[in-house]
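1. how does the following fold in three dimensions:
(2 chains)
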Amino acid sequence: ETGVTQTPRHLVMGMTNKKSLKCEQHLGHNAMYWYKQSAKKPLELMFVYSLEERVENNSVPSRFSPECPNSSHLFLHLHTLQPEDSALYLCASSQGQGFVDTQYFGPGTRLTVL
Amino acid sequence: AQSVAQPEDQVNVAEGNPLTVKCTYSVSGNPYLFWYVQYPNRGLQFLLKYITGDNLVKGSYGFEAEFNKSQTSFHLKKPSALVSDSALYFCAVRDGRGYQKVTFGIGTKLQVIP
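-> As a prediction, this is how the structure comes out:
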């Protein structure tokens, strides 16, 4: 285990539902990330939080809404998703947010949008 | 703009044979280079990174990678493959100048045949 947990591991939702993904890191890191992993595509960085402040938002649609209440927890709130949003959503953390420090990834949430 | 290429979708190697997973990159400044591995139903795990110093970098599980500036490559190698090495391998790069995010490749599936 890497010290980063994600819940739920699997999620099936309709296009009109509202759900949230949760990430928790037990490593004492001060930066957390959300990535989207789709088959045959590079990992897509969605959001970066450093010291609980959002420092990066890669033009992600507003139907994805992140929340970082403290340095150990990160949420991704989902609403009115599209089928093309089906993917593996990975959370990661690192000690710094300069992308030199090693990122530690959680196991991911497999999201299916019907 | 920075980019990374993993030219092989899949690499097959017999157990006990040496393995190589290829990665080439493009950045404007000095590169920071990373290799991550993803086992089925798991998140990415850090293997090794090159920031500066010796061109040969040693990492986890007996893996190593050689930084070749003239060929802009950072190939992952292991002298003797294990069946348990079968997984998806990701190369990633970050331009060392300023604040840049990490760009990941699309991944190479390594299949070690018993």
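
2. contact partners for the residue of chain A found nearest chain B?
-> Closest to chain B within chain A is A:Phe105: 3.4 Å, counting by CB to the nearest CB. All C-beta atoms are positioned from the backbone trio N, CA, C, and that covers glycine. Neighbouring residues of A:Phe105 by CB atoms under 8 Å, 6 or more residues apart in numbering or on different chains: A:2, A:4, A:35, A:90-92, B:36, B:43-45.

3. give the bridge partners for B:Val11, please.
-> According to DSSP bridges, the residues that bridge with B:Val11 are B:Leu110.

4. I figured it hits B:Val21, correct?
-> Yes. Contact criterion CB atoms under 8 Å: B:Val11 and B:Val21 qualify, at 5.8 Å.

5. about what we covered before: can you name the residues that contact the closest residue to the residue of chain A closest to chain B other than its chain neighbours?
-> Excluding its sequence neighbours, the residue lying closest to A:Phe105 (CB to CB, 6 or more residues apart in numbering or on different chains) is B:Gly43, at 3.4 Å. Residues counted as contacts of B:Gly43 (CB under 8 Å, 6+ apart) are A:2, A:4, A:6, A:90-92, A:105-108.

6. just the buried ones from the residues you listed?
-> Neighbour-count burial (16 or more other CB atoms under 10 Å in any protein chain shown) applied to the contacts of B:Gly43 gives A:2, A:4, A:6, A:90-92, A:105-108.

7. mind putting the residues you listed into JSON lines with secondary structure?
-> Compiled in JSON lines, the buried ones among the contacts of B:Gly43 are given as follows (DSSP: H, G, I helix; E, B strand; the rest coil):
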{"residue": "A:Thr2", "secondary structure": "coil"}
{"residue": "A:Val4", "secondary structure": "strand"}
{"residue": "A:Gln6", "secondary structure": "strand"}
{"residue": "A:Leu90", "secondary structure": "strand"}
{"residue": "A:Cys91", "secondary structure": "strand"}
{"residue": "A:Ala92", "secondary structure": "strand"}
{"residue": "A:Phe105", "secondary structure": "strand"}
{"residue": "A:Gly106", "secondary structure": "coil"}
{"residue": "A:Pro107", "secondary structure": "coil"}
{"residue": "A:Gly108", "secondary structure": "coil"}
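
8. any idea which of those is closest to A:Asn30?
-> The closest of those to A:Asn30 turns out to be A:Ala92 (CB to CB; 12.8 Å).

9. surely the closest one touches A:Asp101?
-> No. The pair A:Ala92 / A:Asp101 is not scored as a contact, 10.7 Å apart, by CB under 8 Å.

10. in space, what's closest to A:Arg110 - neighbours in sequence excluded?
-> Nearest to A:Arg110 is A:His10, by CB to CB, 6+ apart, at 4.8 Å.

11. just to revisit the earlier point, now do the phi/psi pair for the residue nearest to A:Phe105.
-> The phi/psi pair for B:Gly43 (degrees, to the nearest 10) reads phi -80, psi -180.

12. one more: B:Tyr61?
-> When quoted as degrees, to the nearest 10, the phi and psi of B:Tyr61 stand at phi 60, psi 30.
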